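J.: Just need the structure, nothing else, for what follows:
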Amino acid sequence: MVETPAKSERELDVVVWGATGFTGRLVAEYLLRVYGTGRELRWAIGGRNADKLRAIRGELCRAVGVDPESLPLVLGDATDPASLDAWVRRTRVVCTTVGPYAKYGTPLVAACATTGTDYCDLTGEVQWMRRIIDTQHKAAEASGARLVHTCGFDCIPSDLGVHFIQAAMQARHGVVSPRVKYRVKGFRGGASGGTIASMMNMLEEASRDSSVLRVIGDPYGLNPDGERSGPDGNDRVAPAYDADFQQWTGPFVMAAVDTRVVRRTNALTGYAYGRDFRYDEAMLMGGGPRGWVRAAGLTAGLGAGMAALQRGPLRRLAAARLPEPGQGPSAEQRENGYFDVRLFAEHPSDPSKGLHARVTGDRDPGYGSTAKMLAESAVSLALDEPSTGGGCWTPAAALGDVLLERLRSRAGLTFDLEDGPPT
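T.: Take a look at the predicted model:
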């Protein structure tokens, strides 16, 4: 039996696994620009193709004037347990962008859970996260590995946004909010082939296995065993007027992931937001008749699109015309992108004491900002004092305030209280 070194004795702090892919390269580029090499963070890029890794390393290092040889490479095969085990033991944290995670991610998570290696990813695949919780949580608890999914736009703005506004409610009024609303005011950015591939794989799984649909559709589907119930129902699928924001709202496509993660955070933290806590997400579409028309149009468009993708032939036709893995928005599109999210937290007894908050990112949500969120999550796992033991955690439950501060100070995100609803 190979002895696993303690985390403090390992050669590396972070390995970015999948650095030759679209998002993995963005994560590596961010770490190189912000943390450099040979300084406070000992990190490496990893994958199975040595030539591609050397090429990416050379391009990235030359762009910032760093010697390529100062950035280590880690080679391995994600399908070979012995190969995985060998390199995972070398690092404190594995940061992976290789999806669809349901197809390629399980052996890597299992290796981390066994060796006590912390782990973070970008998955939004609810059915796969449920499998990982069911199969790897106990092993991770025993080894001390902190496994943290959804460290990108799914679901850091929502998970840390609720954490932030609940802390503000406690600080100002000494209570927690029984209900928080998350409303997307606007965003700009493109989709990558990796995200599309993950969505298509999830739909393909659901078409073969009805239990996948049940997990995806369960509002508390990611909660711990025995804690899968609460006051929230199904996600919004119709236009609705929101008096707290004075606007019409339409469905938000990521709500099916974000809401489950926020509810899991509440359960993992001993119901820090209360057992009767309610949470929902939607898109802000404006006021008056025009706002209703926009909300109705969004609802109809999303409904028709999802109905079409449920059909195998149409799904395969769409997949052939959409970006493939490894493709994504241009540098200009990423830099000109943004996201702007608003939250409202009700006061439990005094309507005048409700709080509004705003969460923003300075790059496109899916890739520019997401790469920075994932990178800082990995750095936080590696360098910040842990507040939890091993197990399957959410970003807010595992990293909370320390990650929030990293994102504010380094990654271009804001978390601020506002005087009222957006105009």
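J.: In three-state terms, label V215 for me.
T.: helix (DSSP: H, G, I helix; E, B strand; the rest coil).
J.: For it, give me its contacts.
T.: Listed by C-beta atoms under 8 Å, 6 or more residues apart in numbering, the contact set of V215 reads 126-127, 130, 221. Every residue, glycine included, has its C-beta placed from N, CA and C.
J.: Out of these, grab the one that's most surrounded.
T.: Counting neighbours by other C-beta atoms under 10 Å, the top entry in those is V126, with 24 neighbours.
J.: ok, now which ones touch the nearest residue to that one once chain neighbours are set aside?
T.: Nearest residue to V126 in three dimensions, chain neighbours excluded: I216, at 5.2 Å (C-beta to C-beta, 6 or more residues apart in numbering). Going by C-beta under 8 Å, 6+ apart, I216 touches 126-127, 202, 206, 256.
J.: now these as a markdown table including secondary structure, pLDDT and distance to V98?
T.: Shown next, in a markdown table, are the contacts of I216 (DSSP: H, G, I helix; E, B strand; the rest coil; pLDDT from 0 to 100; distance: C-beta to C-beta, whole Å):
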| residue | secondary structure | pLDDT | distance to V98 |
| --- | --- | --- | --- |
| V126 | helix | 94 | 18 |
| Q127 | helix | 94 | 18 |
| M202 | helix | 76 | 16 |
| A206 | helix | 75 | 22 |
| A256 | helix | 92 | 22 |
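J.: Check those residues and tell me the two furthest apart.
T.: Within those, A206 and A256 form the most distant pair, 11.9 Å apart (C-beta to C-beta).
J.: Distance to H137 added to the contacts of V215, as TSV?
T.: What follows is the contacts of V215, written out as TSV (distance: C-beta to C-beta, whole Å):
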residue	distance to H137
V126	16
Q127	16
R130	11
G221	15
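J.: ok, of those, which one's closest to D401?
T.: V126 (26.2 Å).
J.: so that closest one makes contact with G221?
T.: Yes: under the criterion of C-beta atoms under 8 Å, V126 makes contact with G221 at 6.1 Å.
J.: Between those two, which contacts overlap?
T.: Between them, V126 and G221 share the contacting residues 215, 260, judged by C-beta under 8 Å, 6+ apart.
J.: max-length helix in the protein?
T.: Assignment by DSSP state H gives helix 288-309 as the longest helix of the chain.
J.: partners of the helix or strand hosting M283, with directions?
T.: Assigned by DSSP states H and E, M283 belongs to strand 278-286. Sheet pairing here is set by DSSP bridges, and for strand 278-286 it gives strand 179-188 (parallel), strand 247-250 (antiparallel).
J.: Give me the nearest residue to the spatially most central residue of the chain, chain neighbours excluded.
T.: Of all residues in the chain, the one closest to the mean position by C-alpha atoms, centre = their mean is T150, 2.5 Å from it. Excluding the flanking residues, the one nearest T150 by C-beta to C-beta, 6+ apart is V261, at 5.4 Å.
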